[in-house]
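**Q** I'd like to go over a predicted model; first the sequence, then the structure.
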There are 2 protein chains.
Amino acid sequence: MISRLIEKIVEKKAPVVVGLDPGLKFIPTHLMKEAVEKKGDTLEAAADAVLSFNKAIVDAVSDLIPAVKPQIAMYEQFGLPGLSAYKETVDYCHEKGLIVIADVKRGDIGSTSESYAIAHLGEIKVGDASCRPFDADFATVNPYLGTDGVKPFIDVCNRNDRGIFVLVKTSNPSSGEFQDQLIAGEGMSEDAEELSRLEGAEGMNVTGRPLFELVADKVREWGLDSMDGAYSNVGAVVGATYPGQGEAARKLMPHTYILVPGYGAQGGKASDLRAFFNKDGLGAIVNSSRGIIAAYTKEPYSSRFDEFTFAEASREAVKDMIKDINAVL
Amino acid sequence: MISRLIEKIVEKKAPVVVGLDPGLKFIPTHLMKEAVEKKGDTLEAAADAVLSFNKAIVDAVSDLIPAVKPQIAMYEQFGLPGLSAYKETVDYCHEKGLIVIADVKRGDIGSTSESYAIAHLGEIKVGDASCRPFDADFATVNPYLGTDGVKPFIDVCNRNDRGIFVLVKTSNPSSGEFQDQLIAGEGMSEDAEELSRLEGAEGMNVTGRPLFELVADKVREWGLDSMDGAYSNVGAVVGATYPGQGEAARKLMPHTYILVPGYGAQGGKASDLRAFFNKDGLGAIVNSSRGIIAAYTKEPYSSRFDEFTFAEASREAVKDMIKDINAVL
């Protein structure tokens, strides 16, 4: 599956994924009003508005990008109708030829992880029929439970030609609380040494490698049996907001595709992104969610677009993002 | 909410939760056949069978126990019909007076974590209406993303009198891969020293506290603003399969309720559980899933019960579990 994603990235010249995270506050009033007129003040109405919003954006940008990343929490918050809109979004994006990265951040153990993997990437037999519950192409996975938690995802991926992106270093301000903790007795990589020098930790007599590097080692290892061309179907998530750690992660996982959140609204700049890519210009795909889907609410787009032309604003924002990123590659 | 759970634990004399994790292989053939006759080889049929199975077990055990813990992955694998059966299970358990711990292991950042929290524990406004999407009482949460990821859950809990259990040390064999890594520069607790002596790590010249202890510290800290009587609405998950770490966690988080998976089918014994409880006989609630819901498939129950009397087997297994645990308290 990673080879299909790469093919599309190369074809569109766009290492870019659009995050479909439709919080209610981004949905234009007229879409919400239409939905409420039909279905009242209900979760069904909210879900309908979300779906209309998504479809308009996908219609406007699908020729420019290889992939979308719906954030399932934004649908789960509307209960069953929301998850129905999630599934319709996935299917609609597939119809439009897009790769779908399900941002589900699932993770459990053994047969439970397997069930999550089946739900989002696999198929399940009921009697003589094979059903594909949510049927995305990639899913994000949380590594806190270790190999037991991740392996069942990989097995399902290998059976179904799908992929995962494992959280290594997340883009949020407190991601370092656990992910940057230095592990005692682990030789420090040059990058980590450099990082600790930059951060002034040098004199603290603390040595070790940060936890996220150990996770990166595991991701590389887990991915060895899932190679699909030059890269593995087992990818990693590393936030654009941490370019130093991105560089370290890039070196530790040469054959791992990195999904990079945190560009744009969260503060990651294009100049920070170079480190996430390999010399072949591949190896990373950068996500923007709010920066694209809510472009019409913010400059430089809000003066030219409004809530009736939100999808065109998203198209402009995608074009600008692709230009911005390609300029540094 | 934790005070309500404790009240029920004391009333039933049962620090026990039944995990409703209905994998298809545990569903009696006649239930599946009935469902398939009505709905064909479809996800709807699988979901119907799951719901019938759950209701029969809940009917058989609800007077004995304070709480249930549905594992959402087991429903998510049947797509939308499965999640509909999940919601009906939650509602049915509430009708029967049970506390519902949603084993969802969600975790993300900022507004995304807030959306998950709203989905499972909170309410969302659509127009003038307030809707409660899945409406459980507790949810399990993954801490890998740090405070940013957990705080939004706590805020939603505080607004809605709900609670969470944060993964600290999970019950699976590879949980130590990351959770037991020793953090450099962190003073080792006495328990960790004892543990490393037991594990023969003493001579390795590695000092530091294991990661799960840092997570435990955070859980204690996060819980301070969510006290509900003697305990906090912010609980922890620590596996029965690691009694040494359970003892350490118990000491580090005196006001934290511990949800203990891993008893029974996963290998945790009653004698291992003492360490998870406080001297007041409270502080922990022990889960069994397969051991209860699939009791009819295994001795000592399989010779007395069959797939038509599976619910009675579950009732016997719950009684035995309560006796087994109370004997060591």
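**A** Cool, got the structure.

**Q** When you work out contacts or count neighbours from here on, use the C-alpha atoms and nothing else.
**A** Noted.

**Q** If we ignore the residues flanking it in sequence, what's nearest residue A:6?
**A** residue A:282 (7.8 Å; C-alpha to C-alpha, 6 or more residues apart in numbering or on different chains).

**Q** how many neighbours does the one you found have?
**A** 17 (other C-alpha atoms under 10 Å in any protein chain shown).

**Q** doesn't it fall inside a helix?
**A** No: according to DSSP: H, G, I helix; E, B strand; the rest coil, residue A:282 belongs to no helix; its state is coil.

**Q** Relative to residue A:274, how far out is it?
**A** From residue A:282 across to residue A:274, the span is 11 Å (C-alpha to C-alpha, to the nearest Å).

**Q** re earlier: what's the separation between the residue nearest to residue A:6 and residue A:317?
**A** 22 Å.

**Q** which residues touch the closest residue to residue A:98 other than its chain neighbours?
**A** Distances taken as C-alpha to C-alpha, 6+ apart place residue A:67 nearest to residue A:98, at 5.0 Å, with adjacent residues excluded. Neighbouring residues of residue A:67 by C-alpha atoms under 8 Å, 6 or more residues apart in numbering or on different chains: A:5, A:16-18, A:98-101.

**Q** Apply 7 Å and report the result again.
**A** Neighbouring residues of residue A:67 by C-alpha atoms under 7 Å, 6 or more residues apart in numbering or on different chains: A:17-18, A:98-100.

**Q** Now the buried members of the residues you listed.
**A** In the contacts of residue A:67, burial by neighbour count holds for A:17-18, A:98-100, counting by 16 or more other C-alpha atoms under 10 Å in any protein chain shown.

**Q** so when I look at residue A:102, I'm seeing a helix, right?
**A** No: per three-state DSSP, residue A:102 lies outside any helix segment and is strand.

**Q** Report the buried residues of stretch A:282-296.
**A** Neighbour counts over stretch A:282-296 (16+ other C-alpha under 10 Å) mark A:282-296 as buried.

**Q** quick revisit: model confidence for the residue nearest to residue A:6, exactly?
**A** pLDDT recorded at residue A:282 is 96.

**Q** Any regions of the stretch 151-300 of chain A where pLDDT drops low?
**A** Scanning the stretch 151-300 of chain A for pLDDT under 70 picks out A:187-207.

**Q** Please, where are all the strands along it?
**A** For the stretch 151-300 of chain A, applying DSSP state E, counting those that start in this stretch gives strands covering A:163-169, A:182-183, A:209-210, A:227-228, A:231-232, A:234-238, A:258-260, A:284-288.

**Q** Next to chain B, which bits of the stretch 101-250 of chain A? Give me the list.
**A** Counting by C-alpha under 7 Å from any C-alpha of the partner chain, the positions of the stretch 101-250 of chain A adjacent to chain B are A:106, A:109, A:112, A:115-116, A:118-119, A:126-129, A:133-134, A:144-148, A:170, A:172, A:174-175, A:177-178, A:181-185, A:206-208.

**Q** Can you select the buried ones among those residues for me in ChimeraX?
**A** Applying 16+ other C-alpha under 10 Å to these, the buried members can be selected in ChimeraX as follows:
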select /A:106,109,112,115,116,118,119,126,133,134,144,145,146,147,148,170,172,174,175,177,178,181,182,183,184,185,206,207,208
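
**Q** Now, the residues of the stretch 101-250 of chain A next to chain B that are in helices?
**A** Residues from these lying in helices, with DSSP state H as the criterion: A:112, A:115-116, A:118-119, A:147-148, A:177-178.

**Q** ok, so of these, who is nearest chain B?
**A** residue A:119 (4.0 Å; C-alpha to the nearest C-alpha).

**Q** Which of the buried ones among the contacts of residue A:67 sits closest to residue A:245?
**A** Using C-alpha to C-alpha, residue A:17 is the member of those that sits closest to residue A:245, with 20.9 Å.

**Q** tell me which residues form a beta bridge with that closest one?
**A** As for beta bridges, residue A:17 partners with residue A:67, residue A:287 under DSSP bridges.

**Q** hang on, it packs against residue A:287?
**A** Yes: here residue A:17 lies in contact with residue A:287, judged by C-alpha atoms under 7 Å, at a distance of 4.7 Å.

**Q** Looking at the buried residues of stretch A:282-296, spot the one nearest residue A:51.
**A** Nearest to residue A:51 among those, with distances taken as C-alpha to C-alpha, is residue A:293, at 12.8 Å.

**Q** I'd guessed that closest one sits against residue A:316; true?
**A** No: Residue A:293 sits out of contact with residue A:316 when judged by C-alpha under 7 Å, with a separation of 10.8 Å.

**Q** Using JSON lines, lay out the contacts of residue A:67 together with pLDDT and distance to residue B:227.
**A** Putting the contacts of residue A:67 into JSON lines (pLDDT from 0 to 100; distance: C-alpha to C-alpha, whole Å) gives the following:
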{"residue": "A:17", "pLDDT": "98", "distance to residue B:227": "42"}
{"residue": "A:18", "pLDDT": "98", "distance to residue B:227": "41"}
{"residue": "A:98", "pLDDT": "98", "distance to residue B:227": "47"}
{"residue": "A:99", "pLDDT": "98", "distance to residue B:227": "45"}
{"residue": "A:100", "pLDDT": "98", "distance to residue B:227": "42"}
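
**Q** Closest to residue A:50 out of these?
**A** residue A:18 (15.3 Å).

**Q** quick one, what contacts the closest one?
**A** Counting by C-alpha under 7 Å, 6+ apart, residue A:18 has contacts A:67-69, A:287-289, A:292.

**Q** what's around the closest residue to residue A:223 other than its chain neighbours, how many residues?
**A** Among residues not flanking residue A:223 along the chain, residue A:234 sits closest, at 4.9 Å (C-alpha to C-alpha, 6+ apart). For residue A:234, the neighbour count with other C-alpha under 10 Å is 34.

**Q** Repeat that for the one 10 residues further on.
**A** Residue A:244: 18 surrounding residues under other C-alpha under 10 Å.

**Q** what does residue A:25 give?
**A** Going by other C-alpha under 10 Å, the residues that sit close to residue A:25 add up to 8.

**Q** Give me the pLDDT value at it.
**A** 92.

**Q** And for the one 10 residues further on?
**A** In this model, residue A:35 is scored at 97, pLDDT.

**Q** Touching, it and residue A:48? I think so.
**A** Yes: at 6.0 Å, residue A:35 counts as touching residue A:48 under the criterion of C-alpha under 7 Å.

**Q** Across the sheet, point out what pairs with residue A:71.
**A** Under the criterion used here (DSSP bridges), residue A:71 is bridged to residue A:103.

**Q** That one: how many residues sit nearby?
**A** 22.

**Q** Tell me which residues touch it, please.
**A** Applying C-alpha under 7 Å, 6+ apart to residue A:71 gives the contacts A:19-21, A:102-104.

**Q** will you turn those into CSV that also has pLDDT and neighbour count?
**A** Below are the contacts of residue A:71 laid out as CSV (pLDDT from 0 to 100; neighbours: other C-alpha atoms under 10 Å in any protein chain shown):
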residue, pLDDT, neighbour count
A:19, 98, 23
A:20, 98, 27
A:21, 95, 23
A:102, 98, 27
A:103, 98, 24
A:104, 98, 21
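
**Q** Just the closest of those to residue A:1, please.
**A** Closest to residue A:1 out of those is residue A:102 (13.7 Å), distances taken as C-alpha to C-alpha.

**Q** who's in contact with that closest one?
**A** Counting by C-alpha under 7 Å, 6+ apart, residue A:102 touches A:69-71, A:136, A:138-140.

**Q** Residue A:163: what's it in contact with?
**A** Counted by C-alpha under 7 Å, 6+ apart, residue A:163 has contacts A:1-2, A:137-139, A:157, A:233-234.
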